[in-house]
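Enquirer: could you work out the structure for the sequence below:
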Amino acid sequence: MIAEGKPAPTFRLPGSDGKAHALEDYRGRAVVLYFYPKDDTPGCTKEACGFRDAHDEIRALGAEVLGVSTDSVADHGRFAAKYDLPFTLLSDEDRGMLKAYGAWGEKSMYGKTYEGILRSTVVIGPDGTVLRHWPKVTGAAQHPEEVLAFLKSQGG
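Expert: Numbering: from 1, shown residues only. Now for the predicted structure:
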């Protein structure tokens, strides 16, 4: 499970850019991992576009953004192209990373419970430790600004 101040779980997943991405590839830079339920759905699109709009500022603060869901690399590619997303979307079809990061669990809608992706975000420091964890993101459209504010508070 994720805990602030502890090492982040390692991962290696295919990305929307056609490359494999691993946590160790980002050593020396902070990483914003945001977990979202589904490409091209209203809340997920608002969140992705928020990270897109804040992307230059986030990068200027020394951080990289990676979005993660169970959608395929092909779906991610279409979603990224449609909304001009400047960051990579990772495909975790077997849910291993989602589970390691506490982003897979019980959800409920219309009185029914089911397993799914829990909208959440983790900021990992340049040394691989968890700096901040939002286990339950509400207000997907505003969340990227909250992440940006956190990064600014860290001194960038």
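
Enquirer: please count neighbours and contacts with C-alpha atoms only from this point.
Expert: Will do.

Enquirer: so for the helix or strand containing L90, mean pLDDT?
Expert: In the assignment (DSSP states H and E), L90 maps to strand 88-91. Mean per-residue pLDDT for strand 88-91: 98.

Enquirer: stretch 29-37 now?
Expert: In the prediction, stretch 29-37 has an average pLDDT of 97.

Enquirer: just to revisit the earlier point, I'd like the next helix or strand past the strand holding L90.
Expert: That would be, after strand 88-91 and using DSSP H and E, helix 96-100.

Enquirer: show me what that following helix packs onto, helices and strands only.
Expert: Taking 3 or more CA pairs under 8 Å, 6 or more residues apart in numbering; DSSP states H and E as contact, there are no helices or strands that helix 96-100 lies on.

Enquirer: what's the residue closest to the geometric middle of this protein?
Expert: Y34 (1.6 Å; CA atoms, centre = their mean).

Enquirer: tell me who's in contact with it.
Expert: V65, L66, G67, V68, R119, S120, T121, V122 (CA atoms under 8 Å, 6 or more residues apart in numbering).

Enquirer: among the residues you listed, who's most crowded?
Expert: V68 (29 neighbours; other CA atoms under 10 Å).

Enquirer: return the list of helices and strands in contact with the helix or strand hosting it.
Expert: Element membership of V68, judged by DSSP H and E, is strand 63-69. Packing partners of strand 63-69 (3+ CA pairs under 8 Å, 6+ apart): strand 30-35, helix 42-60, strand 88-91.
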